[in-house]
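Colleague: fold the stuff below for me.
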Amino acid sequence: MSSGDRPRKVVITGISGRFGHIVARRLHHEAGWKIVGLDRRPMTGRPKDIEHHQVDLRSKKARDVFRAGDVDALVHLGVMHDPRARPAELYSWNITGTTKLLEYCQAYSVPKVVLLSSANVYGPRPDNPQFLTEEAPLLAAQRFPQMRDLVEIDHLVSTFLWRARETETVILRPVHIVGTVHNAPSNYLRIPRPPTLLGFDPMVQLVHVEDVAEAIAVALAPGRRGIYNICGPGEVPLSAILRELGRQPMSIPHPIAGAVLSMAFKLGISSFPVAELDFIRYVCMVDGRRAAAELGFRARFGLRETIHAVDDPS
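Modeller: Model prediction:
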């Protein structure tokens, strides 16, 4: 049976998380894809017509999902982010898991691969230009070891993009994703008294989680391939975001901020890793014109809606 005679089938890794649910809903209910989820966690509240495999991406069972040869696309969301996990465990899951997925896609002729990366791979730096394009080097791992895996995954899939020409590969690098998700930007903006650095007020770009799901949907269209920065409705100073949310920031002098936050992290008082201080100190803004021109992507949520998405109770 050809793909034209059946619903298109997309495999989504990391489907069990909140963002995975949002992407699955967008592709299934609004775009008509048949959804197959791969995640080592159970998928609570799973609709009956969504197939879910609770497996390790590195396992034979994961390979068997692709073996039938009827997978039309892979959306890879399954990059583990856990600042408290052992580095060796993270590396094996993230790098080996992604390598295996790309092998499955090539072996079983999957025509489309979409990776959700992050604009954070460029790294916040004092010498960054105002807006970084997709050609900018990925330097985040130099100052932020926890970003090493994501940078390496981005490089792996970039190589696959140019090597496996029979597969349309898309890498999306969204700015800080906010909304009903548990990620670093949303968690930080939910803190009643978020730490800030005395004398620093960087410009920040946010994008609504639903807009990122939309970017994934448009990236799955036939003919789309390449690397794209995904931007939200604009840029705004960090202080303005916190003021809009009614937060009372706790300004810490930069020379002692590392020691204070490191102790709070070790004691479990804070979930804010010290390495992320650079994200509230330096600028890391990107140029989203390529996604607008080639994917037709533009954020649908306005700036105020996007900022307040972190407090959405749903």
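
Colleague: list the buried residues of stretch 97-117.
Modeller: For stretch 97-117, a neighbour-count test (16 or more other Cβ atoms under 10 Å) marks 97-102, 104-106, 110, 112-117 as buried. Every C-beta, even on glycine, is put in place using the N, C-alpha and C of the backbone.

Colleague: and for stretch 166-173?
Modeller: Buried, per 16+ other Cβ under 10 Å, within stretch 166-173: T167, E168, T169, V170, I171, L172, R173.

Colleague: now stretch 306-314
Modeller: Under 16+ other Cβ under 10 Å, the buried positions of stretch 306-314 are T306, I307, H308, A309, V310.

Colleague: also stretch 134-148?
Modeller: Under 16+ other Cβ under 10 Å, the buried positions of stretch 134-148 are E134, A136, L138, L139, A140, A141, F144, Q146, M147, R148.

Colleague: my read: the third one touches G123, true?
Modeller: Right, the one you point to is L138. Yes - contact criterion Cβ atoms under 8 Å: L138 and G123 qualify, at 7.4 Å.

Colleague: need the longest helix for the chain.
Modeller: In the chain, with assignment by DSSP state H, the single longest helix is helix 148-163.

Colleague: elements contacting the helix or strand following it?
Modeller: The helix or strand immediately downstream of helix 148-163 is strand 168-174, counting by DSSP states H and E. Strand 168-174 sits against strand 112-116, helix 148-163, helix 209-219, strand 226-230, with contacts defined as 3 or more Cβ pairs under 8 Å, 6 or more residues apart in numbering; DSSP states H and E.

Colleague: what's the most buried one of these?
Modeller: Mean neighbours per residue, mean count of other Cβ atoms under 10 Å, is largest over the helices and strands packed on strand 168-174 for strand 112-116, with a mean of 26.

Colleague: could you figure out how far that strand is turned away from strand 168-174?
Modeller: 10 degrees (axes from the mean of the first three to the mean of the last three Cα atoms, to 10 degrees).

Colleague: what mean pLDDT does strand 112-116 have?
Modeller: Averaged across strand 112-116, pLDDT comes to 98.

Colleague: now render the helices and strands packed on strand 168-174 as a markdown table, adding distance to S262.
Modeller: Shown next, in a markdown table, are the helices and strands packed on strand 168-174 (distance: least, Cβ to Cβ, whole Å):
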| stretch | distance to S262 |
| --- | --- |
| strand 112-116 | 29 |
| helix 148-163 | 19 |
| helix 209-219 | 30 |
| strand 226-230 | 32 |
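
Colleague: so which of the ones you listed is nearest L197?
Modeller: Nearest to L197, of all the helices and strands packed on strand 168-174, is helix 148-163, at 23.5 Å by Cβ to Cβ.

Colleague: okay, the angle between the closest one and strand 112-116?
Modeller: Going by the same axes, to 10 degrees, helix 148-163 makes 160 degrees with strand 112-116.
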